[in-house]
Structures are given as C-alpha cells and as structure tokens.
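>>> got a predicted model here, sequence first, then my questions.
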Amino acid sequence: MTPLVQVKNVSQHFGSMCALDDVSLNIAPESYTVLLGPSGSGKTTLLSILGGFLQPSAGQVLIKGEDCTSMAPAKRPTTTVFQDYALFPHMTVGGNVGFGLRMRGVGSAERDKRAQEVLKLVGLPEASGKKPHQLSGGQRQRVALARALVVEPSVLLLDEPLGALDLKLRRQMQEELKAIQKRVGTAFVHVTHDQEEAMALADHCVVMSQGRIEDEGPAERVYSRPSSRFSATFMGESTIFSGRIVARDEIETVFGRWHLTTAATGGTAVSLAIRPEHVVIGTQPLSLGKAAITDVVFQGSFKRVTAKPEKDAAMTLLARLPADSGVQPGDVMDFACDPRHVLVLTR
Amino acid sequence: MTMRSGIRLASIIYAILIYGFIFLPVATLVLFSFQATLFPIPPFTGPSLRRYQAVLSDDRLTSALTNSLFVAVISSAMATLLGFLAAWGFARFRVPASAVLRGLITLPLTVSYLIIGMGLLVLFNGLGFPKSLTAAGIGHVVINLPLCFAILYSQMGEHQANIERAARDLGAREWQVLLLVTAPMLWPALFASFFLSMTFSWDEFVISFLLTRFDTTLPVEIWNLLRSGLNPKTNAIGSLVFLVSIAFVFLFELALFRKPRS
Amino acid sequence: MTEKARGSTFGGLLPWLVVSPAVLWTLAFFAAPFIAMAVVSLTLHEGGGFSFANYQQFFSNPSYYQALVNSLEVTLIVTVISILLAYPFAWILAEQIPEKWQRLALILAVLPFWTSYVVRSYSWLLVLAEKGVVNNTLLQLGLIAEPIQLANTRFATVVGFVHFFVMLLTLTIFANLKQLSPSYRKAAADLGAGPVRTFLHVILPLTFPGIMVGAFLTFVLAIGDYITPQILGGNNELLMPQLIMLQIGRRGDFPLASALSILLMAVVTMAYLASARWLKIERA
C-alpha cells in the first residue's frame, strides 16, 4: 500500500540553526499519526513543511504520490488546525466553516448544508449563526476542526490543538478527536509535547528530538520497548543506568552481572532502562540492592518514589508504589525487578 | 512567482511616489532657505546663509521662540502633573462617578482647537482676563491634559499596583509610595506625556493666535510675517524650526530606546 | 484594577485631593467656556437681550451656510483621498518592507511633519505658486505654455490636507495591520485563498474598524482647521473656521462667532454619533 504522505530526507535550516536533520517518514492512509517531542524537537517545523507554510532546505514531500514540496498551502490537499484556532472574528461560525468551500467556488446553499453537517459532526449543531467571540475555548477549537474538515482534505494537520484546554476538557476532546478521525477516515497528523496525549491518540507515534526522529511505531510498542535512551525518558519516565556487554547475553552492571537477551554484541556500552511500575519492593529475580528513599509524592492512584541505591549513590531509582504504601523518606528498602522488564538500549 | 514580483515592483514605485509627495514641501523649503537672491522663490540661484543670519538677528522672532519654549515647558509640566495625579487617583482609588469624570477629562481630545480657543476667548473676554501668554498656556494645558491622563492611566495597571502594594506592605505611607515608587516606575510614560505635550504646544497656532496679543509664540509670529507677504526670513526660520524638531526627535529616540527595558 | 484602596492617610479625602485639580481645570477651562459660548451666542453684537438671531442669520444667509457646505465637501474629499492613498502605503510598510527597516521607514514618513504647521502650509505655496516648483517644472518640460493657478484654490487646500492626513492614516492603518495575528493569513491561505482573496475577505474586513477610526479623526481635525484653508485656499472660498475667525478679527462679533462655533461642534458631534458603532472595538 503506497503511503499517503512520504517525507523523504527533509532537512530545514534557519541560518546556522538546524531544525530538521534528514528526516524521513511515511504516513499511512486513514491513520492517526502523532509527532511527539519537547520544544525545539522540530515537530512543529515538520508540520509546517507538510502544510506548505515552509519550504524545506532539502528533501521532498510527496502527497498521494505527487511532489508537493514547493506547493502553496492553498493548492495542497492538506488543511491545518492552528494552535490559536485563527477563526476569522468578523465572520459567523457558519461563515468561517464555509470559507474553504467558498474559495473553491461552492454555491451558498450547498456551503451552508455542508457546513451544518460538519458542525453536527463536531458537536456544535446550533452554533452556525454565532460569532467566535461568543464561544468558549473548547467550542472554538471544534469550529476550527470543522472548518478544516469540511473541505475534505487528504491529510488534516493539527498544531498542538489541545494546549489551551484544561485537563478534563482535554481528555474529552482527545476521545472526540479519535472518534471523529475514525468516522471521517482522513489521516490526521497531530503535534504535541504531551506523551499521555500521544499514547491516547496515536496509531503511529513518532518521537522526535533535536530535529531527528528518535523512535516511531505503535504507541504501545514505543512505550514498552523504546529504542533509544531519549525515547525511554521522554515517553514516560524510566530509571536509567549504564552497563557493558561482557559476553553473549551477559551484561555487567553496577548491580551485578545480569543475564538479559539482547542482540547487541560484546564489548558495547549500553543503557538499561526500567519503568517505574516495574521497580518493586520485595523479591524478584534481579536485585537492585538496598536504596534510601529520598522523596515520596502522592499522585492519587499511586505514589511516586525516588531513591538512592547503595550500589551507586549518583543514580536515581524511580518506583511506583501502591497508594496505600507506608514508605517514608529516609527508609531503606530492598528493590528488585523482573528481567523481562529491563530494556537494553544501544543509543 | 511573477505576480509576487509584480506586486513588489508596484509597491516600490508607489512607496517612492508617496515618500516624494511627503517630502516635497519640506525639501523645497530647506532648499530655498539657502537662496541667495532677494526673493525666496524659485528658480534656485545659489547657496547663501544670509537668511539665517537675518533670522537670528531678528529680535521679535527670537523672543517669540523663547516664548514658545516657555509656554511649552510650563504648560506641558502642568498637564503632565495634573494628568499623573488624576490617573493615579482614578486607578488606585474608588472614586464616585469615576467613569463620568474620566470621560470628562478626556473629552477635549474630540474638540477642535479652534473651538477650545474660541471658548476661552469668550470666557476670558467676559471675565476681563487679558490676552497673554498665560492665557495661551492655559489653553495648551486644556488640550494636553486629556492626552497625558490617557497615557498615564493606561500605564497604571495591575502590575504597577502590585509593586505599590508591596511598598505599602513594607511600611511606606501613601505619599512615599507615590513619590518613591510610582513616579520613578512610570518615568517612560511621564516622559512620553511631557514630550508629546511639548510637541503639541510648541507648534500650536490657533489657541495662541486667539489668546495672545503683544508677546506671542513662534507660530503666530511666523504667521504675522507671512501676512505681510512672502518673506525671505520665513524660509530660514522654517528650516530652523524643522532642524530643532528633528533634534527633539533624535533626543527622544536616544533617551527612550537606548535605555534597557525591564 | 480589582482591588482599590480607600484613601487611608486622609480618610477618604486623598482620592479627591488628587483627582480634583484635573477635574476642576477641565470644568473651568473647557466646560465653562462652552457654556459661556452658548450664552454669548444667544446675544447680539449690537446689544439687546436674548435672541436666536445669530443662528437665524446663519441658516438664512447663503454666504454663511455655504461655508459649512464647503467645509463638509472639502473634508469628505480629503478623507476619501487620504484613505485611498494611505492604505496601500501602510500595507507596503507593514508587508513589503523587512521588519528591521519598518520603524525607520515610519520615522522617515513622519519626519517632514516635524516642521511648524504654519511653515509647512506655507511651503506648499512655494510648490504650488505661479512661480513655484510645479509650474516651473511643467513650463520647463514644455507641458504648459503659461503657469496654472494652483495656489489659492480648493485644490491647494485639499493637497495641503491630504499631505498631512495620508501620514496620519498611514500610521493608524499600519498599527492596525501589524496587530493582526499572522495565523489569519495562514488559515486563509490554507483554505485556498490566494493573496488577493485573503486581502479582500480577511485583511480588509479586519482592518475596517481601524479605517473608520482614522476617517473620523481625519474628519474632526480637518473640519476644524484654520491654517491650511487660510494659507492655501485663499479668500475665494471660505470654510467654516475661516468664517468664524472673520467674525472675531474684523468686527469683533463674539456672539456670531460663538454661534458658528457651536454649530461646528454640533456637526462634529453628529459625525461622532453616526460613526459610534465603528469606534467600539470588539475583541474576538
């Protein structure tokens, strides 16, 4: 199946600053792709290039097989939902949503009909005659979405659309976005720095850092088997420490020699990562030794515990303990983990 | 992208034409102020500083210039002071009928100088108050007070209020807060108010014309010169005024934009 | 400004102390003169009591109300021409000129207006007079055989006004254009609008309130201006300010002058009421 969008070796320089470094990416039809990364990772730059607002310094962008690299936004089969929504304040909601259709020469009756359909889809059937300043933030966001969807783009680009909403509204909108995407079938490309959002929405998660793609794949895989140190610490937290491969499947660590299955070869220095929910107090095959608890933070459904291992006081152990656990800062406990949960990272 | 370069070309041509239009009278003025011949009109025959000498030695002109500065400085100081006090009062305290009173203070902005001047002329005439530089100065405060008030009021927002609360919290009395905290913090706005008032007062004609008789301001004096026909000196004085004004702008730019902004 | 202190030091007196100088000044030297003018306008120069004669005289004497008609015509022409010339100029400054040169470009545009107003109007005479720059150039280029009458005409007055108001409107429209979020343009482009349609459907409507404010300002300033019509328009055609000044200068007829001033004020107030809905800014 030909990918809907192909990004081929795209680089972007702003003066001496490199925002994107030889990035290649494929986007499948009807998929929900999330570009995840911290600020400065290049995710917004990549989105701007996909939308046609920026021309890459190098590389190509193909949409439906056609080279769109230097095509203007108006001509591309993409539409963008902007971070500040950019609703035209002097037009009604109906006027806003119908704007793209108007530019395509659709008659006014047909425009109104289609605008009304999309407004129903996003849950705002009564809003057509209102002006943007009369709507709440969440409602404006939906209008922006409707406006972008009504022209039936091949790809819908969303630039941190949920950033301005409070937590509860954000969760609700995430569900709705996912549902709308499934119903409409358009490919969505969604930029965010919130890894929980990425995990909730993505069919395909692309983790970016410093202008490069660190990791990509289904969100579950990226979370449970991250392929890089950055990915392991950005997508969720991890305890990270170093190790060295001394023999096949044998890794020397500060906690002792561990037997772990890995494809890496002898002599290589690797990073080992363990998710906090896999670090437990008690007996498990791999012992992490004693550690002094430095901080316990109550987080509702669990307690986030940081500790300093005796074996290496410079390290920080991160553990998730049950909410009713009675540990206190200063306690010294035995930590351990299951070898199946230890991630071996070569970069 | 030929449409874009077409727009670009048209833009350049248009901009040049407009700039030309804007500079035309002043360029002509400055050029012919150096005119050597008797009449300060074209054709241009050659440079001479004779007119400038004439201007600087004309007592009436130089005293009018001093009067202008005098009136400008004093009326601007008054307008800034009154505007500052009023802005502080309305911004920090609950004053009854605040909106109405604030509207009243800003009302003169919408009224033509001619009418303000006329009104004062009629009033002063009725009260037996003589035409003088003072009368003109009063008029200048009337036109500049709303401006100073508007500028300073807009600068006295929450951020400033919090800093003042901190000062009060540390034990300062109201007048100390005003003098040692508010005024210094607001210095760019105070400067802008004063400077803008100076600008409007310095060049103001109608009110000065109506309210002065013998001692008068520079614009009125120039007007008197003009009424007796095109005078060689007017080119020179015009150019001088222009150069002084440019110096003002220069100083303003230097003072305001060279200071580090917090 | 949610929390406001009561005047603690002087027990509620402080706010009044601080605010009253400005209020009293405005009442004494702005409001009172108005009342004085209104009262005086109802008297007669020759003496006698209360009378509407001044107003009657204005409406019945053609050469009087013609001044108002002239003022309205000239002001309207000036407003329209100034907006038409200023908008593209402001657009060029805001869009075509690179960011770092924009402030300099603005300063350059404003610089010539740092001359004295009187002198600047007079400089237009240098340009428009029979022996002035324009006529000389046209004669030398052979485009005309004899100098044309440009000064002391309505044309000269309009040119003088437009010269100033193009600058003023450029500033206000420029500020308006700059504070438009760039996202609007991107969104319009994204949805298929080319540069022309983006301008017509998005930029122009969004700057319309700003244009209205500028137009109102132009109207108010122009209609009350004495210098430009007096220097450049000559005495062939009188505008309202000239008519008013005439009463003061020659005959010292304060009552008539007051009546005319009040009438001018009324016209401006009506213009304000008509454009009031544009002067309220709606945020989105």
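Perfect, I can see it now. Residues are numbered from 1 along each chain as shown, chains lettered A, B, ... in the order given.
>>> buried stuff in the helix or strand harbouring residue C:267?
Assigned by DSSP states H and E, residue C:267 belongs to helix C:254-279. Judged by neighbour count (16 or more other CB atoms under 10 Å in any protein chain shown), helix C:254-279 contains these buried residues: C:254-265, C:267-268, C:271. For every residue, glycine as well, the C-beta is placed using N, CA and C.
>>> ok, of these, which one's closest to chain B?
Minimum distance to chain B across the buried residues of helix C:254-279 is 4.6 Å, recorded for residue C:261 (CB to the nearest CB).
>>> wait, does the longest helix seen in chain B contact chain C?
Longest helix of chain B, by residue count under DSSP state H: helix B:59-92. Yes. Helix B:59-92 reaches chain C (CB under 8 Å from any CB of the partner chain) through B:82, B:83, B:85, B:86, B:88, B:89, B:90, B:91, B:92.
>>> go through those and give me the one with the most neighbours.
residue B:83 (29 neighbours; other CB atoms under 10 Å in any protein chain shown).
>>> hang on, the earlier thing: ok, the residues of helix B:59-92 next to chain C vs residue A:174, which is closest?
residue B:91 (43.5 Å; CB to CB).
>>> need the strands for the stretch 101-250 of chain C, in chain order.
Read by DSSP state E, counting those that start in this stretch, the stretch 101-250 of chain C holds no strands at all.
>>> so what does the helix holding residue C:267 touch, helix or strand wise?
Using 3 or more CB pairs under 8 Å, 6 or more residues apart in numbering or on different chains; DSSP states H and E as the contact test, the elements touching helix C:254-279 are helix B:113-127, helix C:32-41, helix C:53-60, helix C:62-91, helix C:204-223, helix C:240-246.
>>> run the angle between it and helix C:53-60 for me.
60 degrees (axes from the mean of the first three to the mean of the last three CA atoms, to 10 degrees).
>>> now helix C:254-279: average pLDDT?
Throughout helix C:254-279, pLDDT has a mean value of 85.
>>> how about stretch C:149-168?
Across stretch C:149-168, the per-residue pLDDT values average to 92.
>>> tell me the contacts of the nearest residue to residue C:189 once chain neighbours are set aside?
Distance criterion CB to CB, 6 or more residues apart in numbering or on different chains; nearest residue to residue C:189, sequence neighbours excluded, is residue A:73 at 4.7 Å. Residues near residue A:73 by CB atoms under 8 Å, 6 or more residues apart in numbering or on different chains: A:51, A:52, A:53, A:80, C:186, C:189, C:190.
>>> so residue A:275 is in contact with residue A:233, correct?
No. With contacts counted by CB atoms under 8 Å, residue A:275 stays clear of residue A:233, the gap being 10.7 Å.
>>> who has more neighbours out of these two?
Each of residue A:275 and residue A:233 has its neighbours counted (other CB under 10 Å); residue A:275 has more, 22 against 15.
>>> quick one, what contacts the more buried one?
Residue A:275 touches A:224, A:236, A:237, A:238, A:341, counting by CB under 8 Å, 6+ apart.
>>> the helix or strand just after the longest helix of chain B and chain C in contact?
Downstream of helix B:59-92, the next assigned helix or strand under DSSP H and E is helix B:98-106. Yes. Residues of helix B:98-106 contacting chain C under CB under 8 Å from any CB: B:101, B:104, B:105.
>>> try stretch B:132-146
Yes. On the criterion CB under 8 Å from any CB, stretch B:132-146 is in touch with chain C at B:138, B:139, B:141, B:142, B:145.
>>> from chain A, how far off is the residue lying closest to the last one once chain neighbours are set aside?
Distances taken as CB to CB, 6+ apart place residue B:79 nearest to residue B:145, at 4.7 Å, with adjacent residues excluded. Counting by CB to the nearest CB, to the nearest Å, the separation of residue B:79 from chain A is 37 Å.
>>> tell me if I'm right that residue B:79 and residue B:138 touch.
No. Using CB under 8 Å, residue B:79 is not in contact with residue B:138; the gap is 10.8 Å.
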